[in-house]
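Asks: pasted the sequence and its predicted model underneath.
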Amino acid sequence: MKVVVIGGTGLIGSQLVEKLNEHGHEAVPAAPNTGVNTLTGEGLAEVLQGASVVVDVSNSPSFEDEAVMEFFRTSTTNLLKAETEAGVTHHVALSVVGTERLQESGYFRAKQVQEELIKASGIPYSIVHATQFFEFMKGIAAMSTVGDTVRLAPVKIQPIYSGDVAAAVGRTAVGTPLNGLVEVAGPDTFQLDEIIRKGLAAKQDPRTVVTDPHAPYSGAEVKETTLLPGPDARIAETRFADWLAQQK
C-alpha cells in the first residue's frame, strides 16, 4: 500500500519510511525539503494521490506557545482536508504519553488540539502515544538548564528508543484503524533527574543536576506518574543502558 509519511525525513519519519519499504509498502517521505508543506498546503494534493494511509510524525519548528499551536492546528486542518479529498482511509498520528495531563504546557495544549481535530475529522484514525525518546534526553536537559544547573523533578519516566517508536507506528499504520489510541514505552522506569544525571555523566557533561519537586517539565508542573504510560501500553525491547553504551 502507499503510505505517505508527513515529517518523513526526521528522526522517526526516516526510520519509518525505511521500515515500511523493507516490508514491501510504498512509503513516501513528505516534508518541506521534499516539496510538501502542511502549513501552506503546498504539494499535499500531489503526494496524497493514491495513498491509503497518511502517517503524521511531523513536529513544530518552534516550541513557543503561539507558534506551536498555529503549527499543529493549521497543518493538521490542511492535512485532514487534503486526505478527505484524496480518499485516504487511515490517518495515523504520533503523539505523547501524558498529553492530556500536561495542559499547562503550550506544546501539549497544541498536541491535544491536533488529536481533537483528528477525532472529529471522520477519517478512520489511530493515535500512537509514545513516551519520550532516548534521543530527547539531551533536549530535556537543555530546556531545564539555567547557567550550569539542570533543575528536574524527581518524577518517573519510561523512555523509549526512537527505532522502537518507528516500528510501533509502522505496525499501526498497516493495521486496521483503531479509532482510538495505543501507548508505547520502553522496558525500564527511571527517575527523571537520575536518568539525565546518568546521561550527562556518560557524555562527561559538567552540568550539575539538582532535584527540585517543583521544577517544570516543558512548562508544566508534573506529578510522580504524569509521564508514565497506562497498564495496557506496548513495551519495547531496547534498554536505555544498551543504547547509551552505543553512543560513546
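Replies: Nice, thanks for sending it over.

Asks: for Gly43, give me its contacts.
Replies: When contacts are counted by CB atoms under 8 Å, 6 or more residues apart in numbering, Gly43 is found next to 30, 34-37. Backbone N, C-alpha and C define where each C-beta goes, glycine included.

Asks: contact partners for Arg207?
Replies: Arg207 neighbours (CB under 8 Å, 6+ apart): 141, 145, 148-150, 200.

Asks: ok, and the most crowded of the contacts of Gly43?
Replies: Counting neighbours by other CB atoms under 10 Å, Ala30 leads the contacts of Gly43 with 29 neighbours.

Asks: tell me what it is bridged to.
Replies: Beta-bridge partners recorded for Ala30 (DSSP bridges): Ile6.

Asks: so it touches Val5, yeah?
Replies: Yes - using CB atoms under 8 Å, Ala30 is in contact with Val5, at 6.3 Å.

Asks: now, of the contacts of Arg207, which are buried?
Replies: Buried by 16 or more other CB atoms under 10 Å: 141, 150, 200, out of the contacts of Arg207.

Asks: just checking, which of those residues belong to strands?
Replies: Among the buried ones among the contacts of Arg207, the members falling in strands (DSSP state E) are Val150.

Asks: is it possible to get TSV of the buried ones among the contacts of Arg207 that adds pLDDT and distance to Arg109?
Replies: Shown next, in TSV, are those (pLDDT from 0 to 100; distance: CB to CB, whole Å):
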residue	pLDDT	distance to Arg109
Ala141	91	23
Val150	95	25
Leu200	90	29
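
Asks: quick revisit: adding distance to Glu100 and secondary structure, write the contacts of Gly43 out as a markdown table.
Replies: Supplementary listing: the contacts of Gly43 in a markdown table, determined by distance: CB to CB, whole Å; DSSP: H, G, I helix; E, B strand; the rest coil:
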| residue | distance to Glu100 | secondary structure |
| --- | --- | --- |
| Ala30 | 28 | strand |
| Thr34 | 32 | helix |
| Gly35 | 34 | coil |
| Val36 | 29 | coil |
| Asn37 | 29 | strand |
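
Asks: could I get those as TSV with pLDDT and distance to Gly230?
Replies: Listed next are these as TSV, based on pLDDT from 0 to 100; distance: CB to CB, whole Å:
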residue	pLDDT	distance to Gly230
Ala30	98	31
Thr34	96	36
Gly35	96	39
Val36	97	34
Asn37	97	35
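
Asks: what about the lengthiest helix in the chain, distance to the chain center?
Replies: Ranked by residue count, the top helix of the chain under DSSP state H comes out as helix 65-86. Put simply, helix 65-86 sits 16 Å off its chain's centre (CA atoms, centre = their mean, to the nearest Å).

Asks: return the alpha-carbon coordinates of that helix using PDB.
Replies: Taking Å, rounded to 0.1, in the frame of the first residue of the first chain, the C-alpha atoms of helix 65-86 are listed here in PDB:
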ATOM      1  CA  ASP A  65       3.200  28.700  22.700                       C
ATOM      2  CA  GLU A  66       1.500  30.600  19.800                       C
ATOM      3  CA  ALA A  67       3.800  29.200  17.100                       C
ATOM      4  CA  VAL A  68       3.300  25.600  18.200                       C
ATOM      5  CA  MET A  69      -0.500  26.000  18.400                       C
ATOM      6  CA  GLU A  70      -0.500  27.600  14.900                       C
ATOM      7  CA  PHE A  71       1.600  24.800  13.500                       C
ATOM      8  CA  PHE A  72      -0.500  21.900  14.800                       C
ATOM      9  CA  ARG A  73      -3.900  23.500  14.200                       C
ATOM     10  CA  THR A  74      -3.100  24.700  10.700                       C
ATOM     11  CA  SER A  75      -1.100  21.800   9.400                       C
ATOM     12  CA  THR A  76      -3.500  19.200  10.800                       C
ATOM     13  CA  THR A  77      -6.500  21.000   9.300                       C
ATOM     14  CA  ASN A  78      -4.800  21.300   5.900                       C
ATOM     15  CA  LEU A  79      -3.700  17.700   6.000                       C
ATOM     16  CA  LEU A  80      -7.100  16.200   7.000                       C
ATOM     17  CA  LYS A  81      -8.900  18.300   4.300                       C
ATOM     18  CA  ALA A  82      -6.500  17.000   1.700                       C
ATOM     19  CA  GLU A  83      -6.800  13.400   2.900                       C
ATOM     20  CA  THR A  84     -10.600  13.600   2.600                       C
ATOM     21  CA  GLU A  85     -10.400  14.900  -0.900                       C
ATOM     22  CA  ALA A  86      -7.800  12.200  -1.800                       C
END
